[in-house]
Structure formats: C-alpha cells, structure tokens
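Trainee: Got a predicted structure here, sequence first:
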Amino acid sequence: MTTQEPDDTEFIPATLNAITVGWLTRVLRRAGILKRATVVAIEVQPIAAGSGFLGQTARLIITYDEQEAGAPASFFVKLSSADPAIRQQLGKVGLYETEAGFYRDVALRPDFPMRVPRPDLVLYNKQTCECLLLLEDLGQAEFGDNLTGCSSTDAIVMVRQLGRLHAHFWDAPFLKQLSWLRSLTEEAQFRIGLYRTMLPRFEQRCGAFLTPHVLETAKRFAQVLPTYIERMVDRPQTLTHGDFRADNFAFITTRGERGVTVFDWQVARRAPGPRDLAYLLALSLTVEQRRATEASLLKLYHETLVAHGVGGYSAEDLRSDVGIGLGSPLTMWVIAGGMLDFSSERGTDLLKRVCERLGAALDDHQFISYLDHFA
C-alpha cells in the first residue's frame, strides 16, 4: 500500500457525495492499489450524524467490475470540513496537516510500535487545508466508548502500548525533522487565547457538572498557562497522540490475545509522554477504577519505558509528570466543551462523565498545587 501527497492541482473532494467512481478509480490506480479493476459503485455509510465541524467521516462500500487481489472491499474515509472558513480556522492548529503527515510519514514505518489503521491514500493540500484519508475499515472491531470507559484488562493493554510508543520516540531527533509535528510552544499563543476565550462558555455549559474547586482550578490554570507551556519543553519529548481515550481505540481479540488499534491522530504533538497517560487515566476510567488501579498502571508504564531503553527517568519523575500532565485533558476539554456541540443525549452524558472524572483526577493529584508553583 502506498500513500501520496498531491501537487497543487490535485482534486480533493469537498464532500462525501463528491467522491465519484471515476475519481476513486483514478487515485487508487495512481497509488498502486488497483491495477486492472475499475470502481463501478460506491455506497456511502455516514458514521457520525451531524459531523462536519471538524470533518466528515463515512464507510465506503466498494463494488468493482472485476475481482482483483488486494482491492479493498471497503474503506473508512475521513474528509476535512466542507466549510472553507472552518477548514482555514482548523488549519491554524494543524489538525488536518498533522493527521495527514502522521499517516504519510510515520504510520507506515516498519518499526512503528503501535497498531494504527492502514493508510491506503493520503491527500492534503496545504493552501486550501483540504484533506482526504482512505484508511483501513475497522468495522469488525470492538470500539471503545468513553461513556462506559475501559475495562481494567483494556487499560493494561493501552498503558503497555503507550509505554512502547513513547519509549520508541523518547527524545528522538527524528521528530524534529517532521515539519507538520508541532511542539507545544509552537502553538502556545493560539492555545492560550483559545483556552481563555472558551473558558466562560465551558463554565456556562458545564458548571453544574463541576465542583467550585475544580472551576477555580480551571480559572487559575488560564492565568499560568504561558508558564506551564514553557515548562513542558524542559521535560523529555516524544510522539504523543494528544487525545488518548477510549473513543479512539478499536479492540480485536485473536487466539485469546487482546489487541488494539489507535486512530484519530489529528492532535499528535512532540510533547512529554505522561500527558497521554494522564489523559487516559483521567478520562477513560471511572473514578473508582482509576483510584484502585492508577498506582499499578503507572508502575506498568514506567517498567515498559525502562524495558524499551529509556534511562534516567525515575518513577518519581513519572508521578510528578502525570500530575502536571493533567493540564492536557483540562485544556482539551475546556476548549471542546466551549466550542463544540454536545447537545445530543450522548454528547451531554459524555460531557458530564468527562467533567466528573477529570474533576476527581485534578483533586486527587492536587493539580492546583502545581499551579501555585508555576505562578
């Protein structure tokens, strides 16, 4: 399988309906996926009702005029937003460029240590911020769900995989060669401004789900966010997923062994790895489950780092970095809670659970004490 980046004249469909049999045949042949067969029919099965702000997603069921070995019967397709203004806004934070770059430059590396969807086609236009990904269809897998959270068994699987990923890229010079992979400092001003802008809307929408102390923590974090981001660059840097939670996991059990595929790499960054771990613990485990298993999961993560070559990083360093790393889910969900539409029944339930779990984690780790230090 191959991927490609288009030249300036490459056409990228703006909507799912603009994906035609002729266009799909042409790009699949150009990518080397098809040799003889021609696409004669496409059935579009939208995956998320109301999608279109961050992007458009669907499953494509493909019919060919003849059988050909290696021709996929279906794809998962991910398009950028159909709205040019929204595309440009999201382009400022590199959402589409980052995910396209990840699947083009990193995901297919033979030594990449985590299972991700196979990218069959990657198209991205930097001028228009248009993006199209044709990815392996994971429709037969068991998808994670942030509402129910991870089981204790799946949490172990995820923490072990996360440790392998972070160890593989721990302070790796290779990451700085990827122009699309941003560090936290490169987008600091935009992130700070967005957090502060969305905070009042987040409080309005989510205040009923949060204790006064957690709301005060969120407000104080806004004041010290510039210093917080500056301090993040002093910690070891690695490839982080950035949104490492159950909704972005797909599980398959083969011969009794539990395996996982991790998708949605739009906010991958060059950043301290424990931010991902804090994100997982705070958002994808129930409060009781996290409190009961957190110590063992931190121990597993640290042992995995050491087993895969990371030295000079103690268990105490990790404990502190996970506590500080709670700023990652706090930032993400203040912005998401203020910006995105969670008015559906599931959306409201998800926001409530996220707020409850995140609030408990912030309190348990005394996150506000770190803010005093930064201030």
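Mentor: That came in fine, so what should we check first?

Trainee: Would you mind measuring from Pro117 to Phe102?
Mentor: Separation of Pro117 from Phe102 (CB to CB, to the nearest Å) stands at 11 Å. Quick note: C-beta positions are derived from backbone N, CA and C, even for glycine.

Trainee: For the helix or strand of the chain with the lowest mean pLDDT, name the packing helices and strands.
Mentor: When each helix and strand of the chain is scored by mean pLDDT, DSSP states H and E, helix 84-92 comes last, with a mean of 85. Under the contact definition 3 or more CB pairs under 8 Å, 6 or more residues apart in numbering; DSSP states H and E, helix 84-92 sits against helix 95-101.

Trainee: And the contacts of the helix it packs on?
Mentor: Outside helix 95-101, the residues that touch it by CB atoms under 8 Å, 6 or more residues apart in numbering are 5, 54-55, 78, 80, 87, 90-91, 122-124, 126, 129-131, 133, 178-182, 264-268.

Trainee: Next: stretch 34-48.
Mentor: In contact with stretch 34-48 (CB under 8 Å, 6+ apart) are residues 16-17, 19-22, 24-25, 28-29, 56-68, 71, 76.

Trainee: Repeat the analysis, applying 7 Å as the threshold.
Mentor: 16, 19, 21, 24-25, 28, 57-66, 68, 71 (CB atoms under 7 Å, 6 or more residues apart in numbering).

Trainee: I'd say Asp326 and Tyr279 touch.
Mentor: Asp isn't right for residue 326; it's Leu. No - assessed by CB atoms under 7 Å, Leu326 is found out of contact with Tyr279, at 8.4 Å.

Trainee: So for the two, which residue has more residues nearby?
Mentor: Tyr279 (27 against 24; other CB atoms under 10 Å).

Trainee: Next up, the contacts around the more buried one.
Mentor: Phe244, Arg245, Ser328, Pro329.

Trainee: Quick check: phi and psi on it?
Mentor: phi -60, psi -50 (degrees, to the nearest 10).

Trainee: Check the gap between it and Ala246 for me.
Mentor: When Tyr279 is compared with Ala246 (using CB to CB), they lie 11 Å apart.

Trainee: Ok, Ile61 next?
Mentor: Taking CB to CB, one finds Ile61 at 27 Å from Ala246.

Trainee: Same check on Thr348?
Mentor: For Thr348, the distance to Ala246 - CB to CB - is 18 Å.

Trainee: what about the stretch 1-150 of the chain, any weak spots by pLDDT?
Mentor: 1-9, 48-53 (pLDDT under 70).

Trainee: What segments of this structure are strands?
Mentor: Assigned by DSSP state E, the chain shows strands spanning 39-46, 56-64, 74-79, 119-125, 130-135, 142-143, 238-240, 249-254, 257-262, 269-271.

Trainee: so how far is stretch 135-148 off the chain centroid?
Mentor: 14 Å (CA atoms, centre = their mean, to the nearest Å).

Trainee: no no, stretch 155-174
Mentor: 15 Å.

Trainee: quick revisit: same list as before, the strands of the chain that is, but in JSON lines and with mean neighbour count and distance to Phe221 included.
Mentor: As requested, the strands of the chain are arranged in JSON lines below (neighbours: other CB atoms under 10 Å; distance: least, CB to CB, whole Å):
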{"stretch": "strand 39-46", "mean neighbour count": "14", "distance to Phe221": "37"}
{"stretch": "strand 56-64", "mean neighbour count": "18", "distance to Phe221": "31"}
{"stretch": "strand 74-79", "mean neighbour count": "22", "distance to Phe221": "31"}
{"stretch": "strand 119-125", "mean neighbour count": "23", "distance to Phe221": "33"}
{"stretch": "strand 130-135", "mean neighbour count": "25", "distance to Phe221": "31"}
{"stretch": "strand 142-143", "mean neighbour count": "14", "distance to Phe221": "31"}
{"stretch": "strand 238-240", "mean neighbour count": "26", "distance to Phe221": "19"}
{"stretch": "strand 249-254", "mean neighbour count": "16", "distance to Phe221": "27"}
{"stretch": "strand 257-262", "mean neighbour count": "16", "distance to Phe221": "27"}
{"stretch": "strand 269-271", "mean neighbour count": "24", "distance to Phe221": "17"}
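
Trainee: between those strands, which one is nearest to Ala315?
Mentor: Evaluated over the strands of the chain, closeness to Ala315 peaks at strand 238-240, with 17.4 Å, by CB to CB.

Trainee: per-residue confidence averaged over the closest one?
Mentor: Per-residue pLDDT over strand 238-240 has a mean of 98.

Trainee: List the contacts of it.
Mentor: Contacts for strand 238-240 (CB under 7 Å, 6+ apart): Leu165, His166, Phe169, Trp170, Leu175, Ala268, Arg269, Arg270, Ala271, Gly273, Arg275, Asp276.

Trainee: Contact partners for the third one?
Mentor: Applying CB under 7 Å, 6+ apart, we find Phe169 in contact with Leu175, Thr238, Leu239.

Trainee: run the last query once more with 10 Å
Mentor: By CB atoms under 10 Å, 6 or more residues apart in numbering, the residues touching Phe169 are Val106, Phe112, Pro113, Leu175, Gln237, Thr238, Leu239, Thr240, Arg270, Gly273.
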